[in-house]
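Trainee: here is the input, now give the coordinates:
(2 chains)
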Amino acid sequence: MTEEQALLSPEVVVQDLKENGVTHVVWLPDSETNFLYMLMKEEPKLDLVPVGREGNAFSTAAGLSVGGAKPVILIQNTGMMESGDSMRGWALALNIPIVIMIGYRGWTRHGKTQDTAAIYIEPFLNAFNIKYFLIENNDDAPRISWAFEEAEKTQRPVAVLIGDEYHGFHR
Amino acid sequence: MRTEDMLKILHQYREDAIVIPGRGGNHWIKMSTKPERDLAFRGTAMGGRSSFALGLALARPDEKIILLDSEGDILMGLGALATIADKRPSNLYHFILDNECYATTGGQPVPNAKKIRYDLLAQGAGYPSSHAFDELDDFSSNIEAILNEPGPVFVSAKVEPENVNEPIATRRRWQTRSNEQVIVDFKNALGPRAA
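Mentor: Numbers count the residues shown, from 1 in each chain, chains lettered A, B, ... in the order given. As a prediction, the model looks like this:
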């Protein structure tokens, strides 16, 4: 694997969001995706909606979706776990086809995972029966579109876990 | 003031607005003449209604959005006030029905129930316009002008509690349609969103 392939380029992620018709990014800053945020801020086709608590991202996204827009949620795994009841009440109860892009803080493919934010996130998603895809580099980028397709097909939230072992989001 | 009396006055000035009836829903659905424009959901999560209304206002900037929120919901999601002020949707009218308690769990007081000023919280968060009413006559005299202000507008209304002291499983639901049907009716009424 070349160094370039080992990176998940934020430009590729933004392009995927645009190709999937995303209109709004509902987000709270996290330690894994700051460079992505900086790129999105410059993208006129994406309207950024900042929330102060990740749970509010789900209700905001539900309102956008019911109104006919196509939001995506961008948060960290810590915030995902904080959002359990909001996801239940606003996304699952209203059948909202929303993709949640989750910064996978603490993710490591090799060695021992130390960060509890990483240890608990997949069991958390499984508890809510939320399907998820892991992306670590540009070769994984098609999974973002798969997540959008899955959300539309099932009318449910679908998660994309953004692994941080190799890539350049911390440039 | 009584919630039902307040909502009857609000209803006179609704015109074509989309209404998220929230805590006033049990009264609102009896008087509404445009149920297809009412988003009366069941089983949502407390604290998220204002964010939902914000999302809807952003998605439908040409529609007037009236939200009937509560002080308990506001306290669970205070940060939403800052996001609403940040995005500044000119079509959002954010009412809270402040009964000073958690009425649906028996009437226990919310924190600092008697002293907290929600209109000042909204103002401090950055809402360009914020109002508070204790009396029905005062509300009635001002509501038409308020609904003609550019949003986001915040209106705090003191209402009498209507406490419920029954287990959830034994309560009669006031919502008459499923969430799915509410959304289908709503989308059919509004048509597709402008690109």
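Trainee: for the residue minimising distance to the centre of chain A, list each beta-bridge partner.
Mentor: Nearest to the mean C-alpha position of chain A, counting by Cα atoms, centre = their mean, stands A:Met101 at 0.3 Å. Under DSSP bridges, the beta-bridge partners of A:Met101 are A:Leu74, A:Val160.
Trainee: could you check the pLDDT of it?
Mentor: Here, the pLDDT recorded for A:Met101 equals 94.
Trainee: tell me which element A:Asn95 falls in.
Mentor: For A:Asn95, there is no host helix or strand (DSSP states H and E).
Trainee: count of neighbours near it?
Mentor: 15 (other Cβ atoms under 10 Å in any protein chain shown). All C-beta atoms are positioned from the backbone trio N, CA, C, and that covers glycine.
Trainee: how close does the residue nearest to it when sequence neighbours are not counted sit to A:Phe124?
Mentor: Of all residues not flanking A:Asn95 in the chain, A:Gln155 sits nearest, at 4.3 Å (Cβ to Cβ, 6 or more residues apart in numbering or on different chains). According to Cβ to Cβ, to the nearest Å, A:Gln155 stands 21 Å off from A:Phe124.
Trainee: residues contacting B:Ile84?
Mentor: Counting by Cβ atoms under 8 Å, 6 or more residues apart in numbering or on different chains, B:Ile84 touches B:50, B:54, B:92, B:94, B:125, B:127, B:152.
Trainee: how about the one helix or strand it maps to: buried residues?
Mentor: Assigned by DSSP H and E, B:Ile84 belongs to helix B:79-87. For helix B:79-87, burial by neighbour count (16 or more other Cβ atoms under 10 Å in any protein chain shown) applies to B:79-85, B:87.
Trainee: check which element follows it along the chain.
Mentor: Note on helix B:79-87: by DSSP H and E, the next helix or strand toward the C-terminus is strand B:92-98.
Trainee: circling back to that earlier point, if you rank the contacts of B:Ile84 by neighbours, which is first?
Mentor: B:Ser50 leads the contacts of B:Ile84 on contacts (other Cβ under 10 Å) with 32 neighbours.
Trainee: hmm, back to that, distance of the residue nearest to the centre of chain A from B:Glu162?
Mentor: Counting by Cβ to Cβ, the separation of A:Met101 from B:Glu162 is 42 Å.
Trainee: three-state assignment of the residue positioned nearest the centre of chain B?
Mentor: Residue closest to the average C-alpha location in chain B (Cα atoms, centre = their mean): B:Leu68, at 1.2 Å. Judged by DSSP: H, G, I helix; E, B strand; the rest coil, the three-state class of B:Leu68 is strand.
Trainee: pLDDT score for it?
Mentor: For B:Leu68, pLDDT reads 97.
Trainee: before we move on, back to that, was I right to think the residue nearest to A:Asn95 contacts A:Ile98?
Mentor: No: when contacts are counted by Cβ atoms under 8 Å, A:Gln155 is not listed as touching A:Ile98 (9.8 Å).
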